[in-house]
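[1] Here's a sequence, model it:
(chains A and B)
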Amino acid sequence: SQTIHQWPATLVQPVGSPLSLECTVEGTSNPNLYWYRQAAGRGLQLLFYSVGIGQISSEVPQNLSASRPQDRQFILSSKKLLLSDSGFYLCAWSRTTGNSPLHFGNGTRLTVT
Amino acid sequence: QKEVEQNSGPLSVPEGAIASLNCTYSDRGSQSFFWYRQYSGKSPELIMFIYSNGDKEDGRFTAQLNKASQYVSLLIRDSQPSDSATYLCAVNTRDGGATNKLIFGTGTLLAVQP
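    Have a look, this model is predicted:
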């Protein structure tokens, strides 16, 4: 069966500090990978998605970047965090075939202070 | 801007009743529709998906889809206090590309009263 791991679970970072969140998927090959953010009391916003190694599509202009160095590894980064980057970050994967659902990791709650 | 609309609630129902959650979407090209349950502080969990017009039943859950009206709903029969959560409607969109992307509604908070 497929599993998705995301870490850390919680993170408190000062404004201006860098960020690196990591996500790995097991039990499947060549998945589509996604980063979503959920701000407090708001819906899920798609930040990045990837259909393969090194292939990243950005959905919204922002202070963040993503990379996919390996088939089942997806990384979300920032060089300098802003207060507005606070939120619940969710990594997800889906199969590439058909209209497959997304399966989410446990999420990282980021607080920028 | 493709959108998915949900009533934020809270929707309060007594234990044992039927909870009805609704969702409308703007992209007529959408082909797949999903319901996720999200407990407070947790990540979303897939509970139902539907691709064709009509009803799809899975245990106490029934998803209903009407593409002509761009409307999808979720019925929860015999509601339990453990069903209390936020329910997210998600709709696929392709934006002309090949990647299946999901657009989420802001969710409806369901509270089942014991």
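[2] could you dump stretch A:64-73 to PDB, C-alpha only?
    What follows is stretch A:64-73, C-alpha atoms only, in PDB (Å, rounded to 0.1, in the frame of the first residue of the first chain):
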ATOM      1  CA  LEU A  64       8.100  29.900  -1.800                       C
ATOM      2  CA  SER A  65       9.700  27.400  -4.200                       C
ATOM      3  CA  ALA A  66       9.500  23.700  -4.700                       C
ATOM      4  CA  SER A  67      11.800  21.000  -5.900                       C
ATOM      5  CA  ARG A  68      11.600  17.300  -6.800                       C
ATOM      6  CA  PRO A  69      15.000  15.900  -6.700                       C
ATOM      7  CA  GLN A  70      13.800  12.300  -6.700                       C
ATOM      8  CA  ASP A  71      10.800  10.500  -8.100                       C
ATOM      9  CA  ARG A  72       9.100  10.200  -4.700                       C
ATOM     10  CA  GLN A  73      10.500  13.200  -2.900                       C
END
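[3] Distance check, the closest residue to A:Leu81 other than its chain neighbours against chain B.
    Excluding the flanking residues, the one nearest A:Leu81 by Cβ to Cβ, 6 or more residues apart in numbering or on different chains is A:Val112, at 4.8 Å. For glycine as for every other residue, the C-beta is placed from the backbone atoms N, C-alpha and C. From A:Val112 across to chain B, the span is 18 Å (Cβ to the nearest Cβ, to the nearest Å).
[4] so who does A:Val112 touch?
    For A:Val112, the contact set (Cβ atoms under 8 Å, 6 or more residues apart in numbering or on different chains) comprises A:12-15, A:81-86.
[5] Quick check: beta-bridge partners of it?
    On the basis of DSSP bridges, A:Val112 is bridged to A:Gln13.
[6] what do you get for B:Asn22?
    B:Ser73.
[7] correct me, but it touches B:Gln6?
    Yes - with contact taken as Cβ atoms under 8 Å, B:Asn22 and B:Gln6 are classed as touching, separated by 7.1 Å.
[8] Between the two, tell me which one has more neighbours.
    B:Gln6 (21 against 16; other Cβ atoms under 10 Å in any protein chain shown).
[9] The more buried one: what's it in contact with?
    B:21-23, B:87-89, B:105-108.
[10] can I get those in a markdown table with pLDDT?
    Output for the contacts of B:Gln6, formatted as a markdown table (pLDDT from 0 to 100):
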| residue | pLDDT |
| --- | --- |
| B:Leu21 | 97 |
| B:Asn22 | 97 |
| B:Cys23 | 96 |
| B:Tyr87 | 97 |
| B:Leu88 | 97 |
| B:Cys89 | 97 |
| B:Gly105 | 94 |
| B:Thr106 | 93 |
| B:Gly107 | 95 |
| B:Thr108 | 96 |
